[in-house]
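Visitor: Let me see the structure of the following:
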Amino acid sequence: MSGPVSGRRPARPVTTLLTVTAVVIVLGGVAGGIWALVTPPTTGVVLKGLTRDGISTDFDGVGAFALIMFTYGGIAALVAWAAARPWRGVTGFLVPAAGTVAGSALGAQVGMWLAGFRFDDDLAGPPLESVYRVVPELWLDGGTRAGHSAPWTLLICAPFACALVYLVCVLSSRTADLGVGDLDDEHPADDPPGSAVTSADAASRTHL
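Guide: Predicted coordinates:
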């Protein structure tokens, strides 16, 4: 009786994983652009000596960005699962997940830059006692009107959603190899596959 027959392992080009990660990062910039179009501005009354650093960020703009980043992270997980099929598993998750962190940072920068065209960027322009409309600050340096926050707080939304959706994809897989096809076949070469075993074969084996 011969040994096990090894299944053919699919190619795992690194370029595929890197390309998918690059796409994930670019999607972060697109998500930031969407946020710039829908985010409400931070508003207030122009007072003497008021500067941009003295304005706290409203939760509305922060919450809108967080929700968009959660959606972006979920989409990134689906892209990584579908487009980087040979890399499904720990590496196929960790690299795109790290890409969502970079994509979130890119989205924050792009979003604030684009939103600057919609709202006031310089508080020296509006007259005193007028209402200003400024870009919500996504780097939460010092906090928001709802409390203190670290500058990186919004960068964890997309990776969290990415991990959750990727886990759902893993648990929904019908095969132990997650559909990659890299597990070894453990059927002996001179034995018929399990589906081809007849009743006569089974009867003869029971009398051995």
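Visitor: Next, T43: secondary structure please.
Guide: strand (DSSP: H, G, I helix; E, B strand; the rest coil).
Visitor: That one contacts V131, doesn't it?
Guide: Yes - using Cβ atoms under 8 Å, T43 makes contact with V131 at a distance of 5.9 Å. Using the backbone N, CA and C atoms, a C-beta is placed for each residue, glycine as well.
Visitor: Name the residue in those two with the higher neighbour count.
Guide: The neighbour count for T43 versus V131, taken as other Cβ atoms under 10 Å, is higher for T43 (14 against 11).
Visitor: Report the beta-bridge partners for that one.
Guide: Beta-bridge pairing for T43 (DSSP bridges): R133.
Visitor: pLDDT wise, what is it at?
Guide: Confidence at T43, expressed as pLDDT, is 72.
Visitor: From F65, how far off is it?
Guide: Per Cβ to Cβ, to the nearest Å, T43 is found 17 Å from F65.
Visitor: do I25 as well
Guide: In terms of Cβ to Cβ, I25 sits 17 Å off from F65.
Visitor: tell me the contacts of V79?
Guide: 20, 23-24, 27, 96 (Cβ atoms under 8 Å, 6 or more residues apart in numbering).
Visitor: Out of the residues you listed, which comes closest to E137?
Guide: L27 (22.8 Å; Cβ to Cβ).
Visitor: And for that closest one, the neighbour number?
Guide: 21.
Visitor: Okay, strands next: where are they in this structure?
Guide: 42-45, 131-134 (DSSP state E).
Visitor: With pLDDT and distance to G74 added, can I get the contacts of V79 in a markdown table?
Guide: Formatted as a markdown table, the contacts of V79 follow (pLDDT from 0 to 100; distance: Cβ to Cβ, whole Å):
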| residue | pLDDT | distance to G74 |
| --- | --- | --- |
| V20 | 95 | 15 |
| V23 | 96 | 15 |
| V24 | 97 | 12 |
| L27 | 97 | 11 |
| P96 | 94 | 12 |
